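K.L.:
output the structure for:
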Amino acid sequence: MSWLAVIIGGAIAGLIAKSIVPGNEPGGFVVDALIGICGGIVGKFLMPVIGLSAHSGNPLWNLLVAVVGAVIILAFYHLIAERCASKPPGSAS
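P.N.:
As a prediction, the model looks like this:
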């Protein structure tokens, strides 16, 4: 797969994940693409853990894996952002 296809697929996966996970994330196309690409990597590692094949020649399956991974990344982002927002400024730990 060419790098252009990876970036475009990642951007699509990132946009889909942002529409699934409620919240307000900063960034535009570049951040969406990075979230989607990282989501594809996360998905490729997690699919075998739950008993599914992460490797397929089907582009729709690869997109679905990337979207699942991107949703996990965004959920983790919201968890961390919420935790950081609830701490008072200047508090330790």
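K.L.:
so which bits of stretch 69-83 are buried?
P.N.:
The neighbour-count check on stretch 69-83 (16 or more other CB atoms under 10 Å) flags 69-74 as buried. C-beta: built from backbone N, CA, C; applies to glycine.
K.L.:
Gly43 and Ile73 touch, don't they?
P.N.:
No - with contact taken as CB atoms under 8 Å, Gly43 and Ile73 are classed as non-touching, separated by 9.6 Å.
K.L.:
quick one: low-confidence ranges for the chain?
P.N.:
Within the chain, the set of residues satisfying pLDDT under 70 comprises 1-3, 25-26, 53-56, 88-93.
K.L.:
tell me which stretches of it form strands.
P.N.:
Counting by DSSP state E, the chain has no strands to list.
K.L.:
for His78, see how far away the residue nearest the centre of it is.
P.N.:
Central residue of the chain (CA atoms, centre = their mean): Ala70, 1.5 Å from the mean position. As defined by CB to CB, to the nearest Å, Ala70 lies at a distance of 13 Å from His78.
K.L.:
for Pro59, what are its contacts?
P.N.:
Contact analysis of Pro59 by CB atoms under 8 Å, 6 or more residues apart in numbering lists Gly9.
K.L.:
how far away is it from Tyr77?
P.N.:
26 Å.
K.L.:
closest one of the buried residues of stretch 69-83 to Asp32?
P.N.:
Ala70 (8.8 Å; CB to CB).
K.L.:
need the contact list for that closest one.
P.N.:
13-14, 16-17, 35-36, 38-40, 42-43.
K.L.:
where helices are concerned, which of those count?
P.N.:
Counting by DSSP state H, the part of the contacts of Ala70 found in helices is 13-14, 16-17, 35-36, 38-40, 42-43.
K.L.:
Gly28: which of those residues is nearest?
P.N.:
Checking these one by one against Gly28 (CB to CB), the nearest turns out to be Gly14, at 10.2 Å.
K.L.:
isn't the closest one right up against Val31?
P.N.:
Yes - with contact defined as CB under 8 Å, Gly14 reaches Val31; the gap is 7.3 Å.
K.L.:
pick out whichever of the two has more residues nearby.
P.N.:
Gly14 (29 against 14; other CB atoms under 10 Å).
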